[in-house]
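Enquirer: Could you look at this predicted model? Sequence included:
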Amino acid sequence: DGTTYLSDYRPYPFTLSTVSLTFRLAPRATRVTARLALAPRAAGAALQLDGEELKLISLAIDGAALKPADYRLTETGLTIHPAALPEGPFTLETEVEIAPEANTALEGLYMSKGMYCTQCEAEGFRKITFYPDRPDVMARFHVRIEGDAPVLLSNGNPVGAGAGWAEWDDPWPKPAYLFALVAGELVATPGSFTTMSGRKTDLNVWVRPGDEDRTDYALGAIQRSMKWDEEAFGREYDLDVFNLVAVDDFNMGAMENKGLNIFNSKLVLASPETATDLDYERIEGVIGHEYFHNWTGDRITCRDWFQLCLKEGLTVFRDQSFTADMRLGAVKRIEDVIALRARQFREDAGPLAHPPRPDHYREINNFYTSTVYEKGAEVVRMLQTLLGPDGFRAAMDLYFARHDGQACTIEDWITVFEDASGRDLGQFKRWYTDAGTPHLTVEETFENGTYTLEFSQETKPTPGQAEKPPRLIPIAVGLIGPNGDEVVPTRVLEMTEARQSFAFEGLGARPVPSILRGFSAPVVLERQSSPAEQAFLLAHDTDPFNRWEAGRNLARETLIAMTTGAAPDAEYLDAVGGLIADESADPAFRALVLRLPSEDEIAQAIAASGKVADPDAIHAARAALMQALAARHEATLAATFDACALPGTYRPEAADAGRRSLRLACLALLGRLDGGARAAALFDSATNMTESLGALGLLVAQGKGEAALARFRARWQENALVLDKWFTTQLALCPPAEAADRAARLAEDPLFTWKNPNRFRALMGGLSANHAGFHRADGAGYRFYANWLIRLDPVNPQTAARMSTAFETRARYDAGRQAKIRAELERIAAVEGLSRDLSEMTARLLG
Ligand code: HT7
Ligand code: ZN
């Protein structure tokens, strides 16, 4: 049925040492010649090469053309029969023709605004030439590009160039998914970096003419990434040049091609007027991420795509650590956990749940998920927690030393950690192979100075995995005495059983426990605790994550109660008041405490407790709690809003961003009282995108955004990235009742260039982010959304399939909404000629 299974893995029966490619570029008919130096590992094997949408022009072995009887050509590849193959090493030469201009799927070689560009991960190289397109086949690439574009780039080092041609040689063996080519009219912002061993590397940030005034930050981020990887992991860059290119049409965020990273332009281009603080943080993080792949992904890659989290989870962990070091570590950890819960816990709770290392797939592009990336990173973080910083670094050193130049598995990775630590990590490995989020419950007793925590762990069944044996869970715990002093500093408890107790002796009084400090494991902690105790932790916990978590728990609980008519919890209202003006706490941290859980998070929590989530009641409860907070703390909020104003030049640094964040968090609440007056004034006076967009969103949320939206559009209609924000903001934040109609109206706007993935995501993602709007009871949001997935699928199946995850939360809602979502999914599934990407997703979503 087209399913690929992990258990079916077999090594490729040929070795491939070198690849020589020649591209003669033309939009409608690019010619690609490939010379592959192959050798059989054993006698008698057929040579199977992947190839899709290729027009075969010629095929020869050692210079002799093959006869039609020597091979078989299908829609997915080329098989050369064993009898036509020499016994020893040989050279296979193919020539094919492809049409980059017609490639709207943005996989393989395609064109974006006149520029040639490739995207080969996961299986795009097979749309460029016939090749063993699998990550365990690693070869050295030499590339010649011929074309009339002024800039011709590929991987590795430049080895020659003239009018209309350039040659590149990559000395590092790599799988085909790391191949890249870019050609077009591009301008570079140049820089350099001298590595720790004194080697000078040229750096270039390539963009389309006109965009070069927004590249400085990206260049600095490359330099900071290179330095950080040397300091934190001892990893040095290994080529003469590092090129980074920004592309407007791109399916995901960025791609770590060896020496030639390609980026979605929204993750490169930044100026204070056009990019928000969040954009700056993301740009730095993703530039770091792609650069760090040079060692965790490129030098050491994956044996097969089931091992994807080996490179992605580890590299996310590395980019999170980088951002934590560049900015405020505690705030970054909280942001990462908010994102993990919003995306990965949501995925784990629905029909798309899968382990970080899945064991089967139909379309690998559907597995670039939050579970592979973010949960994969959490698993690496747990290894660090279990081994400690020095033990972890020693294991990483061993990993790099042992596996450099190899295509590896999760087993290789675990073995490295076992060898480095002397521990048996067999049970720990379940984090990679088992899906689902463990729920951890805790009971407490205090007797004769001994305080005991008794934990139970349980993971609900997930698709295809009914049984969930207990996992090794590192639980970081500290104890706080009644006077607010910490009586037991952080200790990591290692839970291995389904039910297990841990005792703390010699205590003078019953302490308040601070459990799962730093979010030491990706679990749901269920602990019966009074609002007074949570407020106590919010005031006294020395662990910043758990301090924030206490406030979050209070907010979530009161919001859930308010959906069924309760009044806001007084303990919560008081506790937050103490923090808003607490000058000893960082502004970014205070902003995080002030921001309420999203409507989606509240719906998830309600569903997890076995109840039906009502999107309208959730929206109303959240609005009412904001109103109550504002009314209770108006003076403090107003004073803090004023105090956080930052005169002078915009700087993207964390300290300033934190103040802007707190200012906007105050403004969101004050807007409930001042009728939007402050937001309107800020919108008029803002000189940076953070405040301009923040104020615009608040006006939209109050139904007072029309004039501001019109001005914003007029000002930014030439800037695609800012226009994306215009689409998203108004849909995500407008009153829910109008979201679906607004989306339909915007889809008619000539600015809705829907074949551009950023623009498509801006509109559809904006709608689905409007929780109560997307889930409007009459199903208008679902219908509109499904119509567009159907329309996009034949043009760009990868993006259509990814966007279908908006339907993964179906089971949370009432029968009427559930039936409407099911009907839309069935309608999509029934479309004739639906892509493998979207048909796999709809099948899984339908369960
Ligand atoms: N390794 C890359 C993952 C990826 C991708 C990137 C862009 C377009 C399509 C893609 N398919 C897979 C990005 C990363 O994780 O760094
Ligand atoms: Zn990655």
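Expert: Happy to help now that I have it. Ligands and ions are numbered 1, 2, ... in the order given.

Enquirer: any idea where the helices of the stretch 701-847 of the chain begin and end?
Expert: 706-716, 720-733, 739-747, 757-769, 771-774, 780-792, 797-803, 815-829, 836-846 (DSSP state H, counting those that start in this stretch).

Enquirer: Identify the residue of the stretch 351-500 of the chain closest to ligand 2, quick one.
Expert: residue 373 (7.1 Å; Cβ to the ion). From N, CA and C alone the C-beta is placed, and that goes for glycine too.

Enquirer: Quick check, pLDDT for that residue.
Expert: Note on residue 373: pLDDT of 99.

Enquirer: what's the following helix or strand after the one helix or strand residue 383 maps to?
Expert: In this structure, residue 383 sits in helix 376-403 according to DSSP states H and E. Note on helix 376-403: by DSSP H and E, the next helix or strand toward the C-terminus is strand 407-408.

Enquirer: thinking residue 400 is in contact with residue 236, fair?
Expert: No. With contact defined as Cβ atoms under 8 Å, residue 400 does not count as touching residue 236 (10.7 Å).

Enquirer: Determine if any part of the strand or helix carrying residue 282 is in contact with ligand 2.
Expert: Counting by DSSP H and E, the element that carries residue 282 is helix 277-292. No. Helix 277-292 stays clear of ligand 2 (Cβ under 5 Å from the ion), getting no nearer than 5.5 Å.

Enquirer: Count residues in the vicinity of residue 87, would you?
Expert: Neighbour count for residue 87, taken as other Cβ atoms under 10 Å: 10.

Enquirer: Tell me which residues touch it, please.
Expert: Counting by Cβ atoms under 8 Å, 6 or more residues apart in numbering, residue 87 touches 40, 43.

Enquirer: Can you name the residue of the stretch 251-400 of the chain nearest ligand 1?
Expert: residue 252 (3.5 Å; Cβ to the nearest ligand atom).

Enquirer: in a strand, that's where that residue is, yeah?
Expert: No. Under DSSP: H, G, I helix; E, B strand; the rest coil, residue 252 falls outside any strand and is assigned coil.

Enquirer: begin at 566 from here
Expert: Understood, numbering begins at 566; the last thing we discussed is residue 817.

Enquirer: residues near it, how many?
Expert: 17.

Enquirer: Backbone dihedrals for the residue of the stretch 916-1065 of the chain closest to ligand 2, please?
Expert: phi -80, psi -70 (degrees, to the nearest 10).

Enquirer: related to what we said a few turns ago, buried residues of the helix holding residue 847, list them for me.
Expert: 842, 844-857 (16 or more other Cβ atoms under 10 Å).

Enquirer: do the same with stretch 1136-1145
Expert: Going by 16+ other Cβ under 10 Å, stretch 1136-1145 has these buried residues: 1136-1138, 1140-1141, 1144-1145.

Enquirer: Span of stretch 826-838 from start to end?
Expert: Using Cα to Cα, to the nearest Å, the end-to-end distance of stretch 826-838 comes to 26 Å.

Enquirer: actually stretch 838-845, not the one I typed
Expert: 12 Å.

Enquirer: Give me the contacts around that stretch.
Expert: Contacts for stretch 838-845 (Cβ under 8 Å, 6+ apart): 779, 782, 831, 834-835, 848, 1217, 1221-1222, 1225-1226, 1252-1255, 1258-1259, 1281, 1284, 1286-1287, 1290.

Enquirer: Do the helix holding residue 948 and ligand 2 come into contact?
Expert: No. Helix 941-968 stays clear of ligand 2 (Cβ under 5 Å from the ion), getting no nearer than 9.9 Å.

Enquirer: Around ligand 1, pick out the residues from this structure.
Expert: 684, 686-687, 816-817, 819-821, 854-855, 858, 877, 933 (Cβ under 6 Å from any ligand atom).

Enquirer: Using JSON lines, lay out those together with distance to residue 597 and pLDDT.
Expert: Converted to JSON lines, the residues of the chain next to ligand 1 look like this (distance: Cβ to Cβ, whole Å; pLDDT from 0 to 100):
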{"residue": "684", "distance to residue 597": "16", "pLDDT": "99"}
{"residue": "686", "distance to residue 597": "18", "pLDDT": "99"}
{"residue": "687", "distance to residue 597": "20", "pLDDT": "98"}
{"residue": "816", "distance to residue 597": "21", "pLDDT": "98"}
{"residue": "817", "distance to residue 597": "24", "pLDDT": "98"}
{"residue": "819", "distance to residue 597": "24", "pLDDT": "99"}
{"residue": "820", "distance to residue 597": "19", "pLDDT": "99"}
{"residue": "821", "distance to residue 597": "22", "pLDDT": "99"}
{"residue": "854", "distance to residue 597": "30", "pLDDT": "99"}
{"residue": "855", "distance to residue 597": "25", "pLDDT": "99"}
{"residue": "858", "distance to residue 597": "25", "pLDDT": "99"}
{"residue": "877", "distance to residue 597": "29", "pLDDT": "99"}
{"residue": "933", "distance to residue 597": "26", "pLDDT": "98"}
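
Enquirer: mind giving me CSV with those and columns for distance to residue 739?
Expert: Putting these into CSV (distance: Cβ to Cβ, whole Å) gives the following:
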residue, distance to residue 739
684, 15
686, 12
687, 14
816, 21
817, 19
819, 17
820, 13
821, 11
854, 18
855, 15
858, 11
877, 17
933, 19
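
Enquirer: which among those residues gets closest to residue 746?
Expert: Relative to residue 746, the closest of these is residue 684; by Cβ to Cβ it sits at 10.5 Å.

Enquirer: isn't the closest one right next to residue 828, touching?
Expert: No. If you go by Cβ under 8 Å, residue 684 and residue 828 don't touch, sitting 11.3 Å apart.

Enquirer: Chain neighbours aside, what residue packs nearest to residue 586?
Expert: residue 708 (4.9 Å; Cβ to Cβ, 6 or more residues apart in numbering).

Enquirer: packing partners for the helix or strand where the one you found lies?
Expert: Secondary-structure element containing residue 708, defined by DSSP H and E: strand 704-711. Under the contact criterion of 3 or more Cβ pairs under 8 Å, 6 or more residues apart in numbering; DSSP states H and E, strand 704-711 touches strand 579-589, strand 716-719, strand 730-739, strand 746-749.

Enquirer: what angle do the longest one and strand 704-711 make?
Expert: Going back to what we said before, that points to strand 579-589. Per axes from the mean of the first three to the mean of the last three Cα atoms, to 10 degrees, the angle that strand 579-589 makes with strand 704-711 is 10 degrees.

Enquirer: And for strand 579-589, what's in contact with it?
Expert: 595-606, 610, 612, 694, 696-697, 702-712, 746.

Enquirer: swap in stretch 1267-1286?
Expert: 813, 830-831, 834, 839-840, 1236, 1240-1241, 1244-1245, 1248, 1257, 1260-1261, 1264-1265, 1287-1288, 1291, 1295, 1299-1300, 1316, 1321, 1323-1324.

Enquirer: Which of those residues are buried? Put it as a PyMOL command.
Expert: In PyMOL syntax, the buried subset of the contacts of stretch 1267-1286 is picked out as below (16+ other Cβ under 10 Å):
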select buried, resi 813+830+831+834+839+840+1236+1241+1244+1245+1248+1257+1260+1261+1264+1265+1287+1288+1291+1295+1299+1300+1321+1323+1324
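
Enquirer: which helices and strands sit right next to the helix or strand of the chain with the lowest mean pLDDT?
Expert: Scoring the helices and strands of the chain by mean pLDDT, DSSP states H and E places helix 1135-1145 at the bottom, with a mean of 94. Counting contacts by 3+ Cβ pairs under 8 Å, 6+ apart, helix 1135-1145 packs against helix 1096-1105, helix 1109-1127, helix 1152-1159, helix 1180-1197, helix 1199-1208.
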